[in-house]
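> Fold the stuff below for me.
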Amino acid sequence: MEADGERFETRYANNFRLGCNRHEFILDFGESFEGQESFFLRIVCCPPYVQELLLILTESLQRYSEQYGEIPALRSPEGP
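Numbers count the residues shown, from 1 in each chain. Next up, the predicted model:
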């Protein structure tokens, strides 16, 4: 993938973990297939940047839903 002249490695992710401490959030991205899971990327951010990411994701999901329709939930709001 290329954006603004820079090359990016592209990976598919369908498995996520999130942790935090007082100063940072830890986001792990990975794949899960047929009961096997592996993680290949960890991103560490301070809380204000995670809050900005949440705003960007929320806006993007809203635009996606307007264009393509409602996204079915993978789990209920109460948990898995």
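> tell me the mean pLDDT for stretch 49-61?
Stretch 49-61 shows a mean pLDDT of 97 in the predicted model.
> got the CA positions of it in PDB?
Backbone C-alpha positions of stretch 49-61 (Å, rounded to 0.1, in the frame of the first residue of the first chain) are rendered in PDB as follows:
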ATOM      1  CA  TYR A  49      -4.000  10.100  21.100                       C
ATOM      2  CA  VAL A  50      -6.200   7.100  21.800                       C
ATOM      3  CA  GLN A  51      -9.100   9.500  22.400                       C
ATOM      4  CA  GLU A  52      -8.300  11.100  19.000                       C
ATOM      5  CA  LEU A  53      -8.200   7.600  17.400                       C
ATOM      6  CA  LEU A  54     -11.600   6.800  18.900                       C
ATOM      7  CA  LEU A  55     -13.000  10.000  17.400                       C
ATOM      8  CA  ILE A  56     -11.500   9.200  13.900                       C
ATOM      9  CA  LEU A  57     -12.900   5.600  14.100                       C
ATOM     10  CA  THR A  58     -16.300   6.800  15.200                       C
ATOM     11  CA  GLU A  59     -16.500   9.300  12.300                       C
ATOM     12  CA  SER A  60     -15.300   6.800   9.800                       C
ATOM     13  CA  LEU A  61     -17.800   4.200  11.000                       C
END
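> quick one: low-confidence parts of the chain?
Residue ranges of the chain with pLDDT under 70: 1-3, 79-80.
> now the helices for it?
Applying DSSP state H to the chain gives helices spanning 47-68.
> Now do the strands in it.
Along the chain, the stretches classed as strands by DSSP state E are 2-3, 6-7, 15-20, 25-33, 36-45.
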